[in-house]
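K.L.:
have a look; sequence and predicted model below, questions after that.
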4 protein chains.
Amino acid sequence: MSRIGLTEFSEILDAELPIAAMLGIRTEDIQAGYALLRMPYRPDLTRPGGTISGPAMMALADVAMYAVVLSLVGRVELAVTTNLSINFLRKPPTHDILAEGHVLKEGKRLVVAEVELFSARDDGSRDLVAHVTGTYSVPPLA
Amino acid sequence: MSRIGLTEFSEILDAELPIAAMLGIRTEDIQAGYALLRMPYRPDLTRPGGTISGPAMMALADVAMYAVVLSLVGRVELAVTTNLSINFLRKPPTHDILAEGHVLKEGKRLVVAEVELFSARDDGSRDLVAHVTGTYSVPPLA
Amino acid sequence: MSRIGLTEFSEILDAELPIAAMLGIRTEDIQAGYALLRMPYRPDLTRPGGTISGPAMMALADVAMYAVVLSLVGRVELAVTTNLSINFLRKPPTHDILAEGHVLKEGKRLVVAEVELFSARDDGSRDLVAHVTGTYSVPPLA
Amino acid sequence: MSRIGLTEFSEILDAELPIAAMLGIRTEDIQAGYALLRMPYRPDLTRPGGTISGPAMMALADVAMYAVVLSLVGRVELAVTTNLSINFLRKPPTHDILAEGHVLKEGKRLVVAEVELFSARDDGSRDLVAHVTGTYSVPPLA
């Protein structure tokens, strides 16, 4: 069972991670070791060429990893990214971006997660547009 | 000599990369294969724990790589990130972040760059807070 | 259908990639966009602590990516790695390591692949021990 | 001052990391947070196309990072790589490869290092052929 609820996680984003609201990132599901987030299309998320910008996609992926981590360790806000590696696979058209993250390894000090970013079509289908792996460092409990 | 000027690069950001303005990213210098950018501290750039958020730093690094790439290939707006890898080294306090990027390899199709992110103290000194490498794909000229 | 056969790929390794034989790497299956390789346990593959060494695992992953790439583009030996990123998840005990690779993106110039490395138990079960993503650059055909 | 000597580090490689000897890797210098290693050219280090193979270069880089880490924490053999990311920049000709590593961050639990790989020409000059960053996890002292 997830150690953090969808509502509680969304409240953390609203209260303490303004960039998530700035980009319109929404959390749709959190399970233990799993999270699904959405960044609805907006014209100001684009980059030259009219596709979704890399920074917006990286932000979404990082927030999705944070959700995966808190689903495992609970409300440990000081869990921080130690590294993140992203491969951009296809130029995403002007649609919503979905992020689906899951845990690869849950250690005492490090959590490694994988996030897939999809371009969501109106008909419900989706295309993989980027692949992300990253590590969060979890501080020891006081 | 840089194949794009500071003013022209800033105009591209203003006109076509809204996330750069959203985060207050400013370009301070562009030379051939080199760029220096600044993201002035603002309260809405923080994350839980009161440090600068990872997404804001990744955005700054990606824009710095874009500047390095355009300094080499000129106004080829469709140059796109193919991958980016970031190591977060220290939690940055609530100061400006500087990004200093330089080219590692200039190929015909791929440009590899390295970006160092620094926390800028008021006294002018700075501390390395993150290290980034990434690759841009440059489309063949028509 | 794979554009290279298992026998032909094994011959390339034997003739032109001596490090593969040095480490005992064997190719077990190649399909279009997919490859399965095995590195049987040997005492000289270990590192301090008695687990399989990182370099041996990285070599296996890179060869698996090469197999995935040649399965898509055929015998283009000059396809080369442009980058590789590996997360080590668990210390592998002294068993065989399996590498299962598949394509994430097949572009004209770049192929991105993901490789999972597993520790293979005697009972046939296996544990994920490392996760790899990487990009190969494919030269234009003459 | 380095917390491990050149002789002691070389002994660890000889006794417990057979792949280093298999590839002919030699340690030339260790200082606190710094290491210089060499992999002399041998025909069996090549790959299709006649350049030095990626796995050989990754192995050299990983051993160089290990030297950097032990220079800081002393003989903690169970320090292990948690991730490594490499960008291959130029195809190295059939010369020795040098690895120059230095620390980016020394934390209590994680050490982040950067390694540059150079192709060493006979005239003493050298060309950057690959760039590596990686993280080692250092176990708490008993």
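P.N.:
Arrived safely.
K.L.:
C-alpha only now, for contacts and for neighbours.
P.N.:
Fine.
K.L.:
which is the next helix or strand following the longest helix along chain A?
P.N.:
Longest helix of chain A, by residue count under DSSP state H: helix A:54-73. Next along the chain after helix A:54-73, taking DSSP states H and E as the criterion, comes strand A:80-88.
K.L.:
only the buried residues of that following strand, if you could.
P.N.:
Residues of strand A:80-88 classed as buried by neighbour count (16 or more other Cα atoms under 10 Å in any protein chain shown): A:80-88.
K.L.:
ok, and of those, which contact chain C?
P.N.:
Filtering the buried residues of strand A:80-88 for proximity to chain C by Cα under 8 Å from any Cα of the partner chain leaves A:85, A:87.
K.L.:
so residue A:70 makes contact with residue A:3?
P.N.:
Yes. In this structure, residue A:70 is within contact of residue A:3 by Cα atoms under 8 Å, at 6.8 Å.
K.L.:
the two: which is more packed in?
P.N.:
residue A:70 (25 against 16; other Cα atoms under 10 Å in any protein chain shown).
K.L.:
coming back round to it: what's the angle from the longest helix of chain A to helix B:54-73?
P.N.:
150 degrees (axes from the mean of the first three to the mean of the last three Cα atoms, to 10 degrees).
K.L.:
in chain A, which residue is closest to the centre?
P.N.:
Nearest to the geometric centre of chain A sits residue A:64, at 1.9 Å (Cα atoms, centre = their mean).
K.L.:
list the contacts for that one?
P.N.:
By Cα atoms under 8 Å, 6 or more residues apart in numbering or on different chains, residue A:64 lies in contact with A:35-37, A:99-101, A:115.
K.L.:
so which bits of chain A are right by chain C?
P.N.:
Counting by Cα under 8 Å from any Cα, chain A sits next to chain C at A:85, A:87, A:89-90, A:104-105, A:112.
K.L.:
can you tell me which of these has the most neighbours?
P.N.:
residue A:112 leads these on contacts (other Cα under 10 Å) with 27 neighbours.
K.L.:
any chance you could read off phi and psi for residue A:35?
P.N.:
For residue A:35, the backbone dihedrals (degrees, to the nearest 10) come out as phi -150, psi 150.
K.L.:
where does it land on pLDDT?
P.N.:
The model reports residue A:35 with a pLDDT of 98.
K.L.:
my guess is it contacts residue A:29. True?
P.N.:
Yes. Counting by Cα under 8 Å, residue A:29 is a contact partner of residue A:35 at 5.5 Å.
K.L.:
give me the neighbour count for residue A:136.
P.N.:
Residue A:136 has 23 nearby residues by other Cα under 10 Å.
K.L.:
for my notes, confirm it occurs in a strand.
P.N.:
Yes. Under DSSP: H, G, I helix; E, B strand; the rest coil, residue A:136 sits within a strand.
K.L.:
do I have it right that it meets residue A:114?
P.N.:
No. Applying Cα under 8 Å as the test, residue A:136 and residue A:114 come out as separate, 11.3 Å apart.
K.L.:
chain neighbours aside, what residue packs nearest to residue A:113?
P.N.:
residue A:103 (4.3 Å; Cα to Cα, 6 or more residues apart in numbering or on different chains).
K.L.:
could you check how far the one you found is from residue C:54?
P.N.:
21 Å (Cα to Cα, to the nearest Å).
K.L.:
and residue A:11, by the same measure?
P.N.:
In terms of Cα to Cα, residue A:11 sits 41 Å off from residue C:54.
K.L.:
tell me which of these two has more neighbours.
P.N.:
residue C:54 (27 against 12).
K.L.:
contacting residues for the more buried one?
P.N.:
C:47, D:59, D:62, D:81.
K.L.:
show me the contacts for the last one.
P.N.:
When you say that, I think you mean residue D:81. Contacts of residue D:81 (Cα under 8 Å, 6+ apart): C:54, C:88, D:62, D:134-137.
K.L.:
what about chain A, any weak spots by pLDDT?
P.N.:
A:141-142 (pLDDT under 70).
K.L.:
residues in it within reach of chain B, list them.
P.N.:
Checking chain A against chain B by Cα under 8 Å from any Cα, the hits are A:12, A:16-19, A:44-49, A:53-56, A:58-59, A:62, A:77-78, A:81-89.
K.L.:
what is the burial count for residue A:127?
P.N.:
For residue A:127, using other Cα under 10 Å, the count is 16.
K.L.:
which residues does it bridge with?
P.N.:
residue A:119 (DSSP bridges).
K.L.:
gap between the closest residue in space to residue A:100 that isn't next to it in sequence and residue A:9?
P.N.:
In this structure, residue A:100 finds its nearest non-sequential neighbour in residue A:36, 4.6 Å apart by Cα to Cα, 6+ apart. In this view, residue A:36 and residue A:9 are 12 Å apart by Cα to Cα.
K.L.:
list the buried ones in the strand or helix carrying residue A:133?
P.N.:
Using DSSP H and E, the element containing residue A:133 is strand A:126-137. For strand A:126-137, a neighbour-count test (16+ other Cα under 10 Å) marks A:127-137 as buried.
K.L.:
go on, stretch A:17-34?
P.N.:
Per 16+ other Cα under 10 Å, stretch A:17-34 contains these buried residues: A:17-20, A:23-27, A:30-34.
K.L.:
do the same with stretch A:110-122
P.N.:
Those would be A:110-120, for stretch A:110-122 by 16+ other Cα under 10 Å.
K.L.:
identify the residues contacting that stretch?
P.N.:
With Cα under 8 Å, 6+ apart as the criterion, stretch A:110-122 contacts A:57, A:61, A:64-65, A:68-69, A:92-93, A:95-106, A:126-138, C:87, C:89.
K.L.:
contacting residues for residue A:25?
P.N.:
Contacts of residue A:25 by Cα under 8 Å, 6+ apart are A:37-40, A:60.
K.L.:
including neighbour count and secondary structure, could these go into TSV?
P.N.:
Below are those laid out as TSV (neighbours: other Cα atoms under 10 Å in any protein chain shown; DSSP: H, G, I helix; E, B strand; the rest coil):
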residue	neighbour count	secondary structure
A:37	22	strand
A:38	23	strand
A:39	23	strand
A:40	16	coil
A:60	28	helix
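K.L.:
can you tell me which of the residues you listed is nearest chain C?
P.N.:
Closest approach between the contacts of residue A:25 and chain C, by Cα to the nearest Cα: residue A:60, at 19.6 Å.
K.L.:
my guess is the closest one contacts residue A:40, does it?
P.N.:
No. Between residue A:60 and residue A:40 there is no contact under Cα under 8 Å: 10.8 Å.
K.L.:
give the contact list for the nearest residue to residue A:40 once chain neighbours are set aside.
P.N.:
Closest residue in space to residue A:40, ignoring its immediate chain neighbours: residue A:96 at 4.3 Å, by Cα to Cα, 6+ apart. Contacts for residue A:96 (Cα under 8 Å, 6+ apart) come out as A:38-41, A:119-121.
K.L.:
can you tell me the helix or strand for the spatially closest residue to residue A:38 that is not a sequence neighbour?
P.N.:
Spatially, and ignoring its direct neighbours in sequence, residue A:38 is nearest to residue A:98 (4.5 Å; Cα to Cα, 6+ apart). For residue A:98, the element it lies in under DSSP H and E is strand A:96-106.
K.L.:
what are the C-alpha coordinates of that strand, in PDB please?
P.N.:
Listed next in PDB are the C-alpha coordinates belonging to strand A:96-106 (Å, rounded to 0.1, in the frame of the first residue of the first chain):
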ATOM      1  CA  ASP A  96      -1.000  16.100 -23.000                       C
ATOM      2  CA  ILE A  97       2.100  14.300 -21.600                       C
ATOM      3  CA  LEU A  98       1.600  11.400 -19.300                       C
ATOM      4  CA  ALA A  99       4.300  10.200 -16.900                       C
ATOM      5  CA  GLU A 100       4.200   6.600 -15.600                       C
ATOM      6  CA  GLY A 101       6.900   5.900 -13.000                       C
ATOM      7  CA  HIS A 102       7.800   2.700 -11.100                       C
ATOM      8  CA  VAL A 103      10.400   1.700  -8.700                       C
ATOM      9  CA  LEU A 104      13.400  -0.300  -9.900                       C
ATOM     10  CA  LYS A 105      15.100  -0.600  -6.500                       C
ATOM     11  CA  GLU A 106      14.100   0.300  -3.000                       C
END
